[in-house]
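*Asks:* Provided below for reference: sequence and predicted model.
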Amino acid sequence: MLAFFSPGQYVRHPLEPEWGVGQVQSAVADRITVNFENAGKQLIIASVVELVSLSEKEIIELKSDKGR
């Protein structure tokens with residue numbers, strides 16, 4: 001299933017958890033450019049990898065965990 005992503009949206013790569021949280025930079029067709037906190041800018045092909053969209057609540061929780 002192809003999901004639609006928008007610039008600014010936060011995501012995770014399900015197969016690369018060590019990459020950390022990523023922010024969508026651009027999304028054209030099934031090509032999504034994401035800037036991950038631990039892996040830098042990566043081109044994701046949405047027909048191959050199904051990124052996990054993060055909710056606002058998850059993002060807040062992740063940020064508060066890093067502050068500890």
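*Replies:* All right, it came through fine. Residues are numbered from 1 along each chain as shown.
*Asks:* Give me the nearest residue to His13, chain neighbours excluded.
*Replies:* Counting by Cβ to Cβ, 6 or more residues apart in numbering, the nearest residue to His13 once its immediate chain neighbours are dropped is Trp19, at 5.3 Å. C-beta here means a position set from N, CA and C on the backbone, and glycine is covered the same way.
*Asks:* next one: Gln25
*Replies:* Computed as Cβ to Cβ, 6+ apart, the closest residue to Gln25 that is not its neighbour in sequence is Thr33, at 4.4 Å.
*Asks:* is it true that the one you found touches Gly40?
*Replies:* No. Using Cβ atoms under 8 Å as the test, Thr33 is too far from Gly40 to be in contact (10.9 Å).
*Asks:* Show me which of these two is the more surrounded one.
*Replies:* Under the neighbour definition other Cβ atoms under 10 Å, Thr33 and Gly40 were set side by side, and Thr33 has more, 17 against 10.
*Asks:* What mean pLDDT does the helix or strand hosting the more buried one get?
*Replies:* Assessed by DSSP states H and E, Thr33 sits inside strand 31-36. If you average the pLDDT over strand 31-36, you get 98.
*Asks:* From the contact counts, what lies against the helix or strand just after it?
*Replies:* Proceeding C-terminally, strand 31-36 gives way to strand 40-45 as the next helix or strand, assigned by DSSP H and E. Counting contacts by 3 or more Cβ pairs under 8 Å, 6 or more residues apart in numbering; DSSP states H and E, strand 40-45 packs against strand 31-36.
*Asks:* Can you list the low-confidence ranges for this protein?
*Replies:* When residues are selected by pLDDT under 70, those of the chain lie in 1-3, 67-68.
*Asks:* Leaving out the residues flanking it, which one is nearest to the most centrally placed residue in the chain?
*Replies:* With distances taken as Cα atoms, centre = their mean, the chain has Val11 as the residue nearest its mean C-alpha position (2.4 Å). Nearest residue to Val11 in three dimensions, chain neighbours excluded: Leu51, at 4.3 Å (Cβ to Cβ, 6+ apart).
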